[in-house]
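A.B. asks: Based on what follows, work out the 3D shape:
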Amino acid sequence: MILDSNGKPFDKSTLEKSQLDETAQTQFLKHEFAGHLGKGLTPQRLNQILHRAEQGWIVDQCDLFEDMEERDGHICAELSKRKRAISGSEWAIEAPKNATSQENKLTETIAEIFAELPDFEDVILNLSEAIGFGFANLEITWDLIGGIWQPRNLTHCPARWFQLSTTDRNEIRLRDGSSNGAELWQAGWLVHKHKAKSGDVSRMGLHRALAFPYLFKHYAVNDLAEFLEIYGLPMRLGSYPNGASDNEKRKLAQSGRVDWS
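C.D. replies: Modelled structure (predicted):
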């Protein structure tokens, strides 16, 4: 019997298929669209999103974090620096201290397998998404080559496809329509957690600390955009005739123009 890292019996049959294709609910994840919650964000709405994430429902928070990177050039640039610094670093797979000859041989084999993975720099880049989100998950596709199961691809999956366990906020589960989600298959996923700050998975990402500054900054950006629309234009003077209704006066105050025809 083969045991996994948690001491549970290992089911090799899962290596031959994808967990995303296991049920109709998990297949549907591939057809979902992000909520783009960064648009029209308010302090009340942001507080709701963060509070729900603490309860395990992180989908809205992940959608917001995605928008923050795309809509704020400064956040995107600073994160890109961190990601590129990691992807450009040297890496190696080493045997444990006082390794046996068999362990050294296995280490060499594993190092060769990983060296042959296509676009391994992209794998590191995708895993570094955890800096902002707190975690990053890549699904592993396996092939049986020469009697050895080898990873063929490591495919990045959007953070919104996952949720947290209702009993353990540090356990990431696949959304399958159930309240607690589906436990990730053994050897089916490469999971990276990044603690930009202390806390459980919903609170450890860097974007969590940037959410309120992002909100206030973009409130100011909207005001600036409105100011630039009228800056330098002649003063606008609105008038209304005697007998104008309150509704007409209100329209004039809002738009500076009322159609009297």
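A.B. asks: drop to CA atoms for contacts and neighbour counts, all remaining ones
C.D. replies: OK.
A.B. asks: where exactly do the strands run in the stretch 51-200 of the chain?
C.D. replies: 135-145, 148-157, 162-164, 172-174, 182-183, 189-193 (DSSP state E, counting those that start in this stretch).
A.B. asks: Same list (those strands) but as JSON lines, adding mean pLDDT and mean neighbour count.
C.D. replies: Formatted as JSON lines, these follow (pLDDT from 0 to 100; neighbours: other CA atoms under 10 Å):
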{"stretch": "strand 135-145", "mean pLDDT": "93", "mean neighbour count": "19"}
{"stretch": "strand 148-157", "mean pLDDT": "90", "mean neighbour count": "17"}
{"stretch": "strand 162-164", "mean pLDDT": "96", "mean neighbour count": "26"}
{"stretch": "strand 172-174", "mean pLDDT": "96", "mean neighbour count": "22"}
{"stretch": "strand 182-183", "mean pLDDT": "94", "mean neighbour count": "17"}
{"stretch": "strand 189-193", "mean pLDDT": "95", "mean neighbour count": "17"}
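A.B. asks: would you turn those strands into CSV with distance to Asp223?
C.D. replies: As requested, the strands of the stretch 51-200 of the chain are exported to CSV (distance: least, CA to CA, whole Å):
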stretch, distance to Asp223
strand 135-145, 34
strand 148-157, 36
strand 162-164, 36
strand 172-174, 39
strand 182-183, 44
strand 189-193, 37
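A.B. asks: Pro9: which of the ones you listed is closest?
C.D. replies: Among the strands of the stretch 51-200 of the chain, the nearest to Pro9 by CA to CA is strand 182-183 (14.8 Å).
A.B. asks: strands paired with the closest one, and their directions?
C.D. replies: Its sheet considered, strand 182-183 pairs with strand 172-174 (antiparallel) by DSSP bridges.
A.B. asks: Touching the partner strand from outside, list them.
C.D. replies: Strand 172-174 is contacted by residues Thr26, Trp161, Phe162, Gln163, Leu164, Ser165, Asn180, Gly181, Ala182, Glu183, Leu184 when judged by CA atoms under 8 Å, 6 or more residues apart in numbering.
A.B. asks: so how far is whichever strand or helix holds the first one from its chain's centroid?
C.D. replies: The secondary structure element spanning Thr26 is helix 24-28 (assigned by DSSP states H and E). When distances are taken as CA atoms, centre = their mean, to the nearest Å, helix 24-28 is centred 19 Å away from the chain's centroid.
A.B. asks: Quick check: buried residues in that helix?
C.D. replies: Neighbour counts over helix 24-28 (16 or more other CA atoms under 10 Å) mark Thr26 as buried.
A.B. asks: any idea of the mean pLDDT for it?
C.D. replies: Mean per-residue pLDDT for helix 24-28: 91.
A.B. asks: start at 15 instead
C.D. replies: Happy to do that; since the first residue is 15 now, the last one works out to helix 38-42.
A.B. asks: Could you pull up the contacting residues of Met249?
C.D. replies: Listed by CA under 8 Å, 6+ apart, Met249 has no contact partners.
A.B. asks: what's the pLDDT at it?
C.D. replies: pLDDT at Met249 comes out at 72.
A.B. asks: Kindly provide the distance from it to Glu130.
C.D. replies: Between Met249 and Glu130 the computed distance is 68 Å (CA to CA, to the nearest Å).
A.B. asks: Can you tell me how far the residue nearest the centre of the chain is from Asp74?
C.D. replies: Centroid-nearest residue in the chain, with CA atoms, centre = their mean: Ala173, separated by 4.0 Å. Using CA to CA, we find Ala173 at a distance of 10 Å from Asp74.
A.B. asks: Ok, Ser212 next?
C.D. replies: Look at Ser212 and Asp74: by CA to CA, they are 21 Å apart.
A.B. asks: Also Arg66?
C.D. replies: Look at Arg66 and Asp74: by CA to CA, they are 8 Å apart.
A.B. asks: Burial check on Leu247, number of neighbours?
C.D. replies: 8 (other CA atoms under 10 Å).
A.B. asks: scratch that, Ile244
C.D. replies: 11.
A.B. asks: State the pLDDT value of it.
C.D. replies: You'll see Ile244 listed with a pLDDT of 73.
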